[in-house]
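Visitor: what's the 3D shape of this:
(chains A and B)
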Number of protein chains: 2
Amino acid sequence: VTQVDLQKQYAIGLDLGGTKILAALMDNNGTIMDQAEYRTPVEQGESAIWEQVKLSIDHILSENQTYKDQIRGVGVATAGVIDTKKSEIIQASNLGLRHVPIGAWIEDYFGLPVRIGNDANVAALGEWLYGAGQGFQNLVYITVSTGIGAGIISEGQLITGVGDSAGEFGHISIEMEGPLCSCGNRGCLENYASGTALARLVEQRMNAGEQSEFLQAYLPSITSKDIAQAAIAGDSLAIQAFEEIAYFLGIGVTNLIHILNPEVIIFGGGVMNAGQFLLPGIERTIKQRSIPMMGQQVFIAQSTLGSEAGIKGAAGLVFHYHKDEKMKSIS
Amino acid sequence: VTQVDLQKQYAIGLDLGGTKILAALMDNNGTIMDQAEYRTPVEQGESAIWEQVKLSIDHILSENQTYKDQIRGVGVATAGVIDTKKSEIIQASNLGLRHVPIGAWIEDYFGLPVRIGNDANVAALGEWLYGAGQGFQNLVYITVSTGIGAGIISEGQLITGVGDSAGEFGHISIEMEGPLCSCGNRGCLENYASGTALARLVEQRMNAGEQSEFLQAYLPSITSKDIAQAAIAGDSLAIQAFEEIAYFLGIGVTNLIHILNPEVIIFGGGVMNAGQFLLPGIERTIKQRSIPMMGQQVFIAQSTLGSEAGIKGAAGLVFHYHKDEKMKSIS
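Guide: Numbers count the residues shown, from 1 in each chain, chains lettered A, B, ... in the order given. Prediction:
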């Protein structure tokens, strides 16, 4: 391990996902010093998940004892409906959790203050503090993967909304009488432009007789990752499918621009690994459809933290809020 | 005039509109003490408009000399593209103004600090500080008149965006391949749900043969005000037209709810004088289409300040920002 720097402060980030739990020690410059990965035992329920969370934090703490007195707290990123004030998971379907006061548990067990955040919001914070959003005061982070979500920083403040649910960007309607979504809305952006929608689009085209030598081998269940590889190999069906979802994303993003007038929009999430096939089409649609002053002013960027946006943003919650009253009263 | 209260502070609000200039003296509780109205000489250009602005402020100052030392500044509400940091009107088409440093002019002439704001943002501030939004920290104010606009207060902060253009709610697309809008976008909400759209809808129906005894007299150019009166008189075409635009508004508002997760949405603007024919349909659509937790949590309200939201919000800019560095350095 490296030498102890007494000037530095550290935070533990915890990314609580449906398949894995990621824990990391990060310094206040956004450098990850150590990292541990554990499986999320969703099928074994709440107490088993809590045991793994303890193990993962214990792992980081025991391996980094020299930094012990400089660790300011634990930041947790999680999906689902949360209550950031109570640091409680209200409902996370992918984890099978309901009403879990994860913040209080960690605080009681480890004696460290805790902040939690919705995963898209936390990733936005990560990109803002340590990634592509550094130095901007008005930014939106958009994640495109199985679903679509967003995190909003406005005037240097994370916009969470009254129920910590702001940023449900995948569920804005871009087609008023479009297909019914599981959320209750119709014509949701997610239905047209998520990784799931991309795969469905390609499958439908192939079922209708369109040819793709590359993708033939992956039928009947093609993933967005397969389509990205096909596009890289020059497959025209794949490239065209990316262009179509880029158009839909551009329509949704134009709506966001008109509502929030951001300075920069950062794209992340798994599907954005194929960003080179998406960003030109997104930008073209924005330029074409948005109010000129707003559309020309906005800077479109790709995530620089990639899959680390969540864990860095989680740890970043600790530093971002450490002047906050609540954090103070605990620490 | 009433007695001088030494505890009180006052601000001058100026509502700079395309047809009239409204100036008012308001106290820090939102009570208007005095008011003056002047015509906006748009056809005579910049210097004539400035003369009327001077007259209107002079009027308020000379009639209220007892309060002179307690007046903290001037707040200006105006349409168009503005720069709040420089207190400059960049472009206001309805006033025929381009690059007018209205803030510096007022400051130089009257020796009072100035804050300016976009009219929908300022009305949102007015409702928040003195109207239906009092006590809430996350609210959206939506104005439905000739066009549709919004002002957003999030975590107790007015969201203006990087170019002071946030809240262009009328220009979100709710129908991706809908009619082309003058803004460049397609299927803009404004095209379906503004006062203009309401009048067009009724005219189209009547041209297609639908009957309305009440509205027959107003052809060929029916206004949204006429339609409101027809609805009050029980006219079924008018009532149905309001229900249709309420549906479109509900779709747009659901998008806003999913992005911002506000606690309350306040409706104002001329068309909302017929709120009783709109609010039930808006609420029904929101309940039907929004993510349950977010849609059930949001409180739908009608403006309580009505046509005074702009002038009270303008004066409110002075109090809201008076702790701000810029205001301090001037005063």
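Visitor: Correct me if wrong: residue A:78 contacts residue A:94.
Guide: No - contact criterion CB atoms under 8 Å: residue A:78 and residue A:94 do not qualify, at 9.3 Å. Every residue, glycine included, has its C-beta placed from N, CA and C.
Visitor: Of those two, which one has the most company?
Guide: residue A:78 (25 against 15; other CB atoms under 10 Å in any protein chain shown).
Visitor: partners of the nearest residue to the more buried one once chain neighbours are set aside in the sheet?
Guide: Taking CB to CB, 6 or more residues apart in numbering or on different chains as the measure, residue A:78 lies nearest to residue A:16, with 4.4 Å between them; neighbours along the chain are not counted. For residue A:16, the beta-bridge partners under DSSP bridges are residue A:21, residue A:78.
Visitor: Which single residue of the stretch 1-150 of chain A ends up nearest chain B?
Guide: Proximity to chain B, evaluated over the stretch 1-150 of chain A using CB to the nearest CB, is greatest for residue A:138 at 4.6 Å.
Visitor: Got the confidence number for the spatially closest residue to residue A:80 that is not a sequence neighbour?
Guide: The shortest distance from residue A:80 to any non-neighbouring residue, by CB to CB, 6+ apart, is to residue A:92 (3.0 Å). What the model reports for residue A:92 is a pLDDT of 91.
Visitor: Ok, the one 5 residues further on next?
Guide: pLDDT, residue A:97: 94.
Visitor: now swap in residue A:4 and tell me
Guide: Residue A:4 carries a pLDDT score of 59 in this model.
Visitor: what's the answer for residue A:36, then?
Guide: In the predicted model, residue A:36 carries a pLDDT score of 96.
Visitor: swap in residue A:8?
Guide: At residue A:8 the predicted local distance difference test score is 88.
Visitor: Apart from its neighbours in sequence, what residue is nearest it?
Guide: What sits nearest to residue A:8 in space, not counting adjacent residues and going by CB to CB, 6+ apart, is residue A:27, at 5.1 Å.
Visitor: just residue A:45 next, same as before
Guide: Taking CB to CB, 6+ apart as the measure, residue A:45 lies nearest to residue A:96, with 6.6 Å between them; neighbours along the chain are not counted.
Visitor: Do I have it right that that neighbour meets residue A:42?
Guide: Yes - with the criterion set as CB under 8 Å, residue A:96 and residue A:42 qualify as a contacting pair; they are 5.4 Å apart.
Visitor: Show me where the stretch 101-250 of chain A has its helices.
Guide: In the stretch 101-250 of chain A, the helices defined using DSSP state H, counting those that start in this stretch lie at A:102-110, A:119-130, A:189-193, A:195-207, A:213-216, A:224-232, A:236-260.
Visitor: Tell me the gap between the first one and the middle of its chain.
Guide: Averaging C-alpha positions (CA atoms, centre = their mean, to the nearest Å) puts helix A:102-110 24 Å from its chain's average.
Visitor: cool, and stretch A:136-154?
Guide: With CA atoms, centre = their mean as the basis, stretch A:136-154 stands 8 Å off its chain's centre.
Visitor: Only the buried residues of it, if you could.
Guide: By neighbour count, with 16 or more other CB atoms under 10 Å in any protein chain shown as the criterion, the buried positions of stretch A:136-154 are A:136, A:138-154.
Visitor: likewise stretch A:64-77?
Guide: A:64, A:67, A:70, A:71, A:72, A:73, A:74, A:75, A:76, A:77.
Visitor: Just give the closest residue to the fourth one, not the sequence neighbours.
Guide: Counting by CB to CB, 6+ apart, the nearest residue to residue A:71 once its immediate chain neighbours are dropped is residue A:10, at 4.8 Å.
Visitor: what about the residue nearest to residue A:78, how many neighbours?
Guide: Other residues within reach of residue A:16, judged by other CB under 10 Å, total 29.
Visitor: Looks to me like residue A:99 is in a strand.
Guide: Yes - residue state for residue A:99 (DSSP: H, G, I helix; E, B strand; the rest coil) corresponds to a strand.
Visitor: Let me know whether it touches residue A:83 as I believe.
Guide: No - if you go by CB under 8 Å, residue A:99 and residue A:83 don't touch, sitting 9.5 Å apart.
Visitor: which of the two has more neighbours?
Guide: Between residue A:99 and residue A:83, residue A:83 has the larger neighbour count (other CB under 10 Å), namely 15 against 10.
Visitor: Which residue comes closest to that one once chain neighbours are left out?
Guide: Here the residue nearest residue A:83, using CB to CB, 6+ apart, is residue A:90, at 5.7 Å.
Visitor: Now the one you found: which helix or strand?
Guide: Here residue A:90 is covered by strand A:88-92, with elements defined by DSSP states H and E.
Visitor: ok, the closest residue to chain B within the stretch 201-331 of chain A - contacts?
Guide: Nearest residue of the stretch 201-331 of chain A to chain B, counting by CB to the nearest CB: residue A:261, 2.4 Å away. Contacts were defined as CB atoms under 8 Å, 6 or more residues apart in numbering or on different chains; by that measure residue A:261 touches A:138, A:294, A:297, B:160, B:161, B:162, B:163, B:164, B:165, B:166, B:167, B:168.
Visitor: Can you give me the neighbour number for the closest residue to chain B within the stretch 101-250 of chain A?
Guide: At 2.4 Å from chain B, residue A:161 is the closest residue in the stretch 101-250 of chain A, using CB to the nearest CB. Around residue A:161 sit 25 other residues, with neighbours defined as other CB under 10 Å.
Visitor: can you give me the strands for chain A?
Guide: In chain A, the segments counted as strands under DSSP state E are A:10-16, A:20-27, A:32-39, A:71-78, A:81-83, A:88-92, A:97-100, A:114-118, A:139-144, A:148-154, A:157-159, A:264-268, A:299-302.
Visitor: quick one: the fourth one to strand A:114-118, angle?
Guide: Between the axis of strand A:71-78 and that of strand A:114-118 there is an angle of 30 degrees, by axes from the mean of the first three to the mean of the last three CA atoms, to 10 degrees.
Visitor: which helices and strands does strand A:71-78 pack with?
Guide: Where contact means 3 or more CB pairs under 8 Å, 6 or more residues apart in numbering or on different chains; DSSP states H and E, strand A:71-78 is packed against strand A:10-16, helix A:102-110, strand A:114-118, helix A:119-130, helix A:309-320.
Visitor: quick one, which of the ones you listed is nearest to residue B:23?
Guide: Put simply, out of the helices and strands packed on strand A:71-78 the one that sits nearest residue B:23 is helix A:119-130, at 41.1 Å, with distance taken as CB to CB.
Visitor: Am I right that residue A:93 is in contact with residue A:80?
Guide: Yes - the pair residue A:93 and residue A:80 passes the contact test of CB under 8 Å, sitting 6.3 Å apart.
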